[in-house]
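Enquirer: Sequence below, structure please.
(chains A and B)
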Amino acid sequence: KNQVEQSPQSLIILEGKNCTLQCNYTVSPFSNLRWYKQDTGRGPVSLTIMTFSENTKSNGRYTATLDADTKQSSLHITASQLSDSASYICVVRANYGQNFVFGPGTRLSVLP
Amino acid sequence: EADIYQTPRYLVIGTGKKITLECSQTMGHDKMYWYQQDPGMELHLIHYSYGVNSTEKGDLSSESTVSRIRTEHFPLTLESARPSHTSQYLCASSVAGDRETQYFGPGTRLLVL
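Expert: As a prediction, the model looks like this:
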């Protein structure tokens, strides 16, 4: 069964600190992996996308990595800001059909 | 900021009522989607459309229907609302491609009493 798991479920950090969120997946055949940021009460917004041949992608203070062999991805946030408080969702797309598989998200809270 | 809109943003309704959730996008995207998301849980695909007059059911069994008469409009209808329908409903649109990016609306939060 195609699944995406994320850890931790929630995370609290102080402003200015770094953090890393994890995503493990069993989706096959793999097409791409995307990280979304979802603010409370809003729809998800795309941060990065990586295909099989890409093992790292940055978007400002966000850096995503992909290990397609172990089927793992991480999202690293550098010098966190209060506005980073949100849910971060890992989405893996299979190489057929409309198969976007969403993870449950990691809820990040950045405190002053 | 994506040009995709959902109305209403919040809705409280009684059991058995018929409701329609509206979704419109001004980006000319062919593909549109409806997802259901419970708090702290993953998104589940309810319906999707490849274009006008095209609609397909997603993974989540839902007593809902959709229509796609115009490219920009993809309404979701619940014929008879039940408390189990209480959830957040997210609409998205995209252009087909290998790196297809889904643009999401702000969502409709539905409470069925």
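Enquirer: Chain B against chain A: which residues are in contact?
Expert: Contact residues (Cβ under 8 Å from any Cβ of the partner chain) of chain B with chain A: B:2, B:4, B:33, B:40-45, B:48, B:56, B:58, B:90-92, B:98-102, B:104-107, B:109. All C-beta atoms are positioned from the backbone trio N, CA, C, and that covers glycine.
Enquirer: For chain A, what is the nearest residue in chain B?
Expert: Of all residues in chain B, B:Phe104 sits closest to chain A, at 2.9 Å by Cβ to the nearest Cβ.
Enquirer: does the residue nearest to that residue when sequence neighbours are not counted belong to a helix or a strand, and which?
Expert: Nearest-residue entry for B:Phe104: A:Gly43, 2.9 Å, with adjacent residues in sequence omitted and distances by Cβ to Cβ, 6 or more residues apart in numbering or on different chains. Using DSSP states H and E, A:Gly43 sits in no helix or strand.
Enquirer: about what we covered before: how about the residue of chain B closest to chain A, what does it touch?
Expert: Contact analysis of B:Phe104 by Cβ atoms under 8 Å, 6 or more residues apart in numbering or on different chains lists A:43-45, B:2, B:4, B:90-92.
Enquirer: Help me confirm that B:Tyr50 comes into contact with B:Lys31.
Expert: Yes. Between B:Tyr50 and B:Lys31 there is a contact at 5.9 Å, judged by Cβ atoms under 8 Å.
Enquirer: Neighbour count for those two, which is higher?
Expert: B:Lys31 (19 against 14; other Cβ atoms under 10 Å in any protein chain shown).
Enquirer: Which pLDDT value goes with the residue nearest to that one when sequence neighbours are not counted?
Expert: Distance criterion Cβ to Cβ, 6+ apart; nearest residue to B:Lys31, sequence neighbours excluded, is B:Ser94 at 4.8 Å. Per-residue confidence (pLDDT) for B:Ser94: 91.
Enquirer: Low-confidence bits of chain A, can you list those?
Expert: A:97-98 (pLDDT under 70).
Enquirer: Can you name the residues of it sitting close to chain B?
Expert: Going by Cβ under 8 Å from any Cβ, the residues of chain A near chain B are A:4, A:9, A:31-32, A:34, A:41-46, A:49, A:51, A:89, A:93, A:98, A:100, A:102-105, A:107.
Enquirer: Which members of those residues are positioned in strands?
Expert: A:4, A:31-32, A:34, A:45-46, A:49, A:51, A:89, A:93, A:100, A:102, A:107 (DSSP state E).
Enquirer: Please list only the buried members of those residues.
Expert: A:4, A:31-32, A:34, A:45-46, A:49, A:89, A:93, A:100, A:102, A:107 (16 or more other Cβ atoms under 10 Å in any protein chain shown).
Enquirer: Closest one of the residues you listed to A:Lys71?
Expert: Nearest to A:Lys71 among these, counting by Cβ to Cβ, is A:Val4 at 9.7 Å.
Enquirer: Can you get me a residue count around the closest residue in space to that closest one that isn't next to it in sequence?
Expert: Leaving out its chain neighbours, the residue that sits closest to A:Val4 by Cβ to Cβ, 6+ apart is A:Gly103, at 3.8 Å. By other Cβ under 10 Å, the residues close to A:Gly103 number 26.
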